[in-house]
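**Student:** here's my sequence, what's the structure:
(one chain, ligands or ions: 1)
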Amino acid sequence: MSDVAVRSAEPADVAAILRIYNQGIEDRIATLESDPKDMAYMEGWFREHQGRYAVLVAGIAGEIVGWASLNRYSHRCAYNGVADLSIYVDRRFRGKGIGSQLLHAIDKVAKANGFYKIVLFTFPSNQLGQGLYRKCGYREVGVFEKQGILDGRFVDVMAMEKWLLS
Ligand SMILES: CC(C)(COP(=O)(O)OP(=O)(O)OC[C@H]1O[C@@H](n2cnc3c(N)ncnc32)[C@H](O)[C@@H]1OP(=O)(O)O)[C@@H](O)C(=O)NCCC(=O)NCCS
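**Tutor:** Numbers count the residues shown, from 1 in each chain. Next up is the predicted model:
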């Protein structure tokens, strides 16, 4: 889609970020989280995502339709250059290129903010996510078998990574 604008998230965007995140939780394809989040949770999350740990939003005609964030990967200083990625697109807008635009933009922000690598954790069954990540240069590191529990069942989790300095 060509009419998508990607920019840094602002406090006024938190309600839309929450709505889209809760869709991802409800769909059971994106995260081990199973309970919907509320504004207090998302506002706290947003306060922790300042400075290097940026949040980008994608908008169409003023409506927020997706977001991506750089999250802290580890509290160990040795991993200060590694960011963990989250990305969520509104159900109505998936498969239309918005995730690609968000990932392209977040690469640039990550480099500018001093990260040399982005890692992410995804379900091997998440076809759309896999397509997006591989297209955007992420490689599969491996699959943790029975790594998490979702709705009382063990699920596999795939680790992927992208080196930013080449
Ligand atoms: C995963 C997600 C972020 C991808 O964003 P998106 O906007 O839907 O992805 P895009 O439209 O940019 O597609 C990217 C690539 O995926 C691939 N793709 C598109 N549709 C696909 C499909 N139906 N099946 C498999 N791969 C597909 C293509 O390679 C596509 O690139 P192309 O359009 O240049 O060919 C989004 O679908 C989403 O929010 N899903 C629910 C939450 C989620 O899974 N988050 C990730 C948690 S790890």
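**Student:** what parts of this protein come near the ligand?
**Tutor:** The interface of the chain toward the ligand, taken as Cβ under 6 Å from any ligand atom, is made up of 24, 29-30, 87-89, 94-100, 120, 122, 126-129, 131-132, 135. Where you see a C-beta, it was placed from the backbone N, CA and C, and this is true even at glycine.
**Student:** hmm, which of those residues are the buried ones?
**Tutor:** With burial judged by 16 or more other Cβ atoms under 10 Å, the buried subset of these is 24, 30, 87-89, 94, 98-99, 120, 122, 126, 129, 132.
**Student:** okay if I get those residues as CSV plus pLDDT and secondary structure?
**Tutor:** CSV is the format used below for those (pLDDT from 0 to 100; DSSP: H, G, I helix; E, B strand; the rest coil):
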residue, pLDDT, secondary structure
24, 97, helix
30, 91, coil
87, 98, strand
88, 98, strand
89, 98, strand
94, 96, coil
98, 97, helix
99, 97, helix
120, 98, strand
122, 97, strand
126, 94, coil
129, 95, helix
132, 96, helix
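**Student:** looking at the residues you listed, spot the one nearest the ligand.
**Tutor:** Comparing these against the ligand with Cβ to the nearest ligand atom places residue 99 closest, at 2.2 Å.
**Student:** surely that closest one touches residue 66?
**Tutor:** Yes. Residue 99 lies in contact with residue 66 (Cβ atoms under 8 Å); the separation is 6.7 Å.
**Student:** got the residue ranges for the helices in this structure?
**Tutor:** Taking DSSP state H to define them, one finds helices in the chain at 14-27, 39-48, 98-112, 127-135.
**Student:** buried residues of the first one, list them for me.
**Tutor:** Along helix 14-27, the positions that meet the burial threshold by neighbour count (16+ other Cβ under 10 Å) are 14, 16-18, 20-25.
**Student:** packing partners of that helix?
**Tutor:** Packing contacts for helix 14-27, counted by 3 or more Cβ pairs under 8 Å, 6 or more residues apart in numbering; DSSP states H and E, involve helix 39-48, strand 55-60, strand 63-72, strand 82-89.
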